[in-house]
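Participant: Turn this into a structure:
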Amino acid sequence: MMGSAELCKVVGISYRQLDYWCRLGYITCERDGESSGHYRRFGPEAIAQATTLRDRSLVRRAPLSSPLVNAVTLRS
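Facilitator: All right, here's what the predicted structure looks like:
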């Protein structure tokens, strides 16, 4: 299990992006409380979810002829 800051660093996303995906329910986490100000803890599944979401958002931003698009498309 890891915290928000560590997950952001490992995956290469901002805290704001992580928070947005968590609020939408795209990434699952454990919380030590229900109100704001409580810590989120993330397991291996959350790392995979965040990595997939990051890769998909990069594809949408990249030009169609980008090597990034081809690399991500080939992995899917």
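Participant: got the residue ranges for the helices in this structure?
Facilitator: Defined through DSSP state H, the helices belonging to the chain, from first to last, are 4-11, 15-24, 44-61, 67-75.
Participant: what's the least confident stretch among these?
Facilitator: Across these, the stretch with the lowest average pLDDT is helix 67-75; it has a mean of 51.
Participant: Next, count neighbours for residue 14.
Facilitator: Counted with other C-beta atoms under 10 Å, the neighbours of residue 14 add up to 9. (Each C-beta comes from the backbone N, C-alpha and C, glycine too.)
Participant: Could you pull out the buried residues of stretch 2-17?
Facilitator: 2, 4, 7-8, 11, 13, 17 (16 or more other C-beta atoms under 10 Å).
Participant: outside of it, which residues touch it?
Facilitator: Contacts made with stretch 2-17 from outside it, assessed by C-beta atoms under 8 Å, 6 or more residues apart in numbering, are listed as 18-19, 39-42, 46-47, 50-51, 54.
Participant: Format those as TSV; extra columns: distance to residue 27 and neighbour count.
Facilitator: Supplementary listing: those in TSV, determined by distance: C-beta to C-beta, whole Å; neighbours: other C-beta atoms under 10 Å:
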residue	distance to residue 27	neighbour count
18	7	24
19	10	14
39	15	11
40	9	19
41	12	14
42	7	24
46	5	23
47	9	16
50	6	23
51	10	14
54	11	16
